[in-house]
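Chemist: structure of the sequence below:
(chains A and B)
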Amino acid sequence: MKYLILIHQNFGAREQFASFTPTMQASALAAYQKLNADLVASGEYVSGEALDADTSATVVRGSEGTYVHTDGPFAETKEMLAGFYLVDVASRERAIEIAERIPEVAAGAAAIEVRPVLTYDWPEQ
Amino acid sequence: MTDASDVEGLLRAVAPRALGALVRRRGDFEDAEDAMQEALLVAATEWQVTGPPHDPTAWLVRVADRRLIDSWRSSSSRRRREESLAFDPDPGPTPTRDDSLELLFLCCHPSLPLPSQLALTLRAVGGLTTDQIAHGFLVPSATIGQRISRAKATLRGARFELPAPADLPERVAAVAAVIYLIFTEGHTASSGASLDRVDLADEAVRLGRLLLALVQAHPMLTRQEGEVAGLLALMLLTHSRRAARTGRDGELVVLADQDRRLWDRALIDEGVTLITGALSAAPLGPYQLQAAIAAVHAEAATAGDTDWREILGLYDLLVSWAPSPMTRLNRVVALAMVDGPAAGLLALDTAATDPTLIDHHRTHAVRAHFLESVGDTSGARAEYELAARLTHSIPERRHLLARAARLA
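Modeler: Below is the predicted model of the structure:
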């Protein structure tokens, strides 16, 4: 079962991170590296990326022939989609366990959204 | 020139035996499995040109053994292994001993997480490449590669032999569970169906046949034969309905609405023969009961001819054997077919108190169906819509929304 784990950082979390001492930054990054290595090693990792700030986004709207491109965040919110993991795990509980290991959670700097991936499969009965 | 698919079929048939012989000979599953994968790749191209050798198993063992020795010679652990390389460098003809069963037990070892057991079994016993397995599960190759290499590392030092007699029933059951999981994975996955996608359901049937043959050949496994035959029968009978499960636009066709002329009679006959034989000869078990239920469906010429009383009786037995929430829910469906939807609604309320069923889309789809049958259209519509929201399957969601729309 695949789950998308979305990291919604609190507004200003990156600026806050930038103000940390190098030691604190390094330990947070090490926690991420460990998480990545563990997910790869367990064969649960499908993909994952960090995303640039939402201010760097381009939003495309409209319909054929009349597309409108707007620069800036998709929606004005208190959180920003800062990155994601796509994992293939045995259960929702396991996906939630992984979400809890995302360093920003312990720091109170993000809310993590765990979303099951829709499939084109169907059960037998 | 030999046809590529003939070569692949032959390779896949002899692969477990060849690998078993190599592991028996050199004692290192981890390296032997890598070497055999390389040998299979060489064979796949070479045999198309030269035709298969006289003794394909011996050929594979010889080539893989050479690769294994080369890799050991070049590795740092050289000295440790030199002793075992010093003599008998070239294995002879096909070993008379068949170690496929030991190989299956090793791949489905209880120390491995289930997804790793599936991947390792498909590669080491099924003879599939990592890429083919990844295609089957719709995940990146690297993910499957990690599962396999980590599993092999975990198995380092595990003994290549049959488990103790007392553990045998449990270990056979573990292998059966892995094969059935591969089957359900393949049976449900309909997306990404492309020419190069290995059909996991076919693979599982193949492995099921292999397991049955191995169990039948083994004097200590007589009591396990019934459940293994039941597993194979269940897979064959489920597989027989495959062409009828999907409509023209890829939509789900439920059992009652399927065009039964599309059912594969050959698979049904084989499955029915197997399950009939097993039921009369062997100790009963959940796979046999599920296969028996599938056989009752298979033998009904139309949905209306289904012997629901028989199915309900089988579900009663199954619930007492393996009381899973889904089994209880299926039993409620059978009960409603015998005693009517009102009785079904009552039984459903009791069954649905189970925590895994309470929010399950199937529970709501079943309730919707019962409500529709007793004429409560608005209640039915709400339940269909709720079920549609809860499922993660797009075709199923489409199906449930269509049912809801019909009641609007």
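Chemist: what's the first helix or strand after the worst-scoring helix or strand of chain B on mean pLDDT?
Modeler: Using mean pLDDT, DSSP states H and E, helix B:78-85 stands out as the lowest-scoring helix or strand of chain B, at a mean of 55. Using DSSP states H and E, the helix or strand that follows helix B:78-85 in sequence is helix B:100-107.
Chemist: who are the packing partners of that next one?
Modeler: On a contact count with 3 or more C-beta pairs under 8 Å, 6 or more residues apart in numbering or on different chains; DSSP states H and E, helix B:100-107 meets helix B:4-26, helix B:168-188, helix B:200-217. Every C-beta, even on glycine, is put in place using the N, C-alpha and C of the backbone.
Chemist: save those helices as TSV, and put in mean pLDDT and mean neighbour count too.
Modeler: Output for the helices and strands packed on helix B:100-107, formatted as TSV (pLDDT from 0 to 100; neighbours: other C-beta atoms under 10 Å in any protein chain shown):
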stretch	mean pLDDT	mean neighbour count
helix B:4-26	89	20
helix B:168-188	87	20
helix B:200-217	92	20
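Chemist: which one of those lies nearest to chain A?
Modeler: The closest of the helices and strands packed on helix B:100-107 to chain A is helix B:168-188. By C-beta to the nearest C-beta, the value is 4.0 Å.
Chemist: helices and strands around the closest one, which ones?
Modeler: helix B:100-107, helix B:114-120, helix B:130-137, helix B:200-217, helix B:225-239.
Chemist: wait, is B:Phe160 part of a strand?
Modeler: No - remark: B:Phe160 does not belong to a strand; assigned using DSSP: H, G, I helix; E, B strand; the rest coil, it is coil.
Chemist: wait, which of the helices and strands packed on helix B:100-107 is closest to A:Gly72?
Modeler: When the helices and strands packed on helix B:100-107 are compared by C-beta to C-beta, helix B:168-188 sits nearest A:Gly72, at 41.6 Å.
Chemist: average pLDDT for the longest helix belonging to chain A?
Modeler: If you go by DSSP state H, chain A has its longest helix at helix A:22-41. Averaged across helix A:22-41, pLDDT comes to 91.
Chemist: got it, and stretch B:382-393?
Modeler: 93.
Chemist: restricting to C-alpha, output it in PDB.
Modeler: Once non-C-alpha atoms are left out, stretch B:382-393 reads as follows in PDB (Å, rounded to 0.1, in the frame of the first residue of the first chain):
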ATOM      1  CA  ALA B 382     -26.300   7.500   1.300                       C
ATOM      2  CA  GLU B 383     -24.500   4.200   2.100                       C
ATOM      3  CA  TYR B 384     -23.200   3.800  -1.500                       C
ATOM      4  CA  GLU B 385     -21.900   7.300  -1.400                       C
ATOM      5  CA  LEU B 386     -20.200   6.800   2.000                       C
ATOM      6  CA  ALA B 387     -18.600   3.500   0.700                       C
ATOM      7  CA  ALA B 388     -17.400   5.400  -2.400                       C
ATOM      8  CA  ARG B 389     -15.700   8.000  -0.300                       C
ATOM      9  CA  LEU B 390     -14.000   5.300   1.800                       C
ATOM     10  CA  THR B 391     -12.500   3.100  -0.900                       C
ATOM     11  CA  HIS B 392      -9.100   3.900  -2.300                       C
ATOM     12  CA  SER B 393      -9.900   2.000  -5.500                       C
END
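Chemist: what's in contact with it?
Modeler: Applying C-beta atoms under 8 Å, 6 or more residues apart in numbering or on different chains, the set of residues contacting stretch B:382-393 from outside is A:116-123, B:359-365, B:367-368, B:371, B:396-397, B:400-401, B:403-404, B:407.
Chemist: just the buried subset of those residues, please.
Modeler: When the contacts of stretch B:382-393 are checked for burial by 16 or more other C-beta atoms under 10 Å in any protein chain shown, the buried set is A:119-122, B:360-365, B:367-368, B:371, B:396-397, B:400, B:403-404, B:407.
Chemist: grab the nearest non-local neighbour of the residue positioned nearest the centre of chain A.
Modeler: Among the residues of chain A, the one closest to the centroid is A:Phe84, at 2.5 Å (C-alpha atoms, centre = their mean). Of all residues beyond its chain neighbours, the one nearest A:Phe84 is A:Leu6 (5.3 Å), with distances taken as C-beta to C-beta, 6 or more residues apart in numbering or on different chains.
Chemist: next up, the contacts around that neighbour.
Modeler: A:Leu81, A:Phe84, A:Ile112, A:Glu113, A:Val114, A:Arg115.
Chemist: parallel or antiparallel, list what pairs with the helix or strand containing it.
Modeler: Counting by DSSP H and E, the element that carries A:Leu6 is strand A:2-10. Counting by DSSP bridges, the strands paired with strand A:2-10 are strand A:79-88 (antiparallel), strand A:110-116 (antiparallel).
Chemist: out of those, which one sits most buried?
Modeler: strand A:79-88 (a mean of 20; mean count of other C-beta atoms under 10 Å in any protein chain shown).
Chemist: CA atoms only: put that strand into PDB for me.
Modeler: The C-alpha trace of strand A:79-88 is given here as PDB (Å, rounded to 0.1, in the frame of the first residue of the first chain):
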ATOM      1  CA  GLU A  79       1.600  26.200   6.400                       C
ATOM      2  CA  MET A  80       3.700  25.600   3.400                       C
ATOM      3  CA  LEU A  81       4.100  22.300   1.500                       C
ATOM      4  CA  ALA A  82       7.900  21.800   2.100                       C
ATOM      5  CA  GLY A  83       8.500  18.300   0.900                       C
ATOM      6  CA  PHE A  84       7.100  14.800   0.500                       C
ATOM      7  CA  TYR A  85       7.800  11.100   0.800                       C
ATOM      8  CA  LEU A  86       6.100   8.500  -1.300                       C
ATOM      9  CA  VAL A  87       6.400   5.200   0.600                       C
ATOM     10  CA  ASP A  88       5.200   1.600   0.000                       C
END
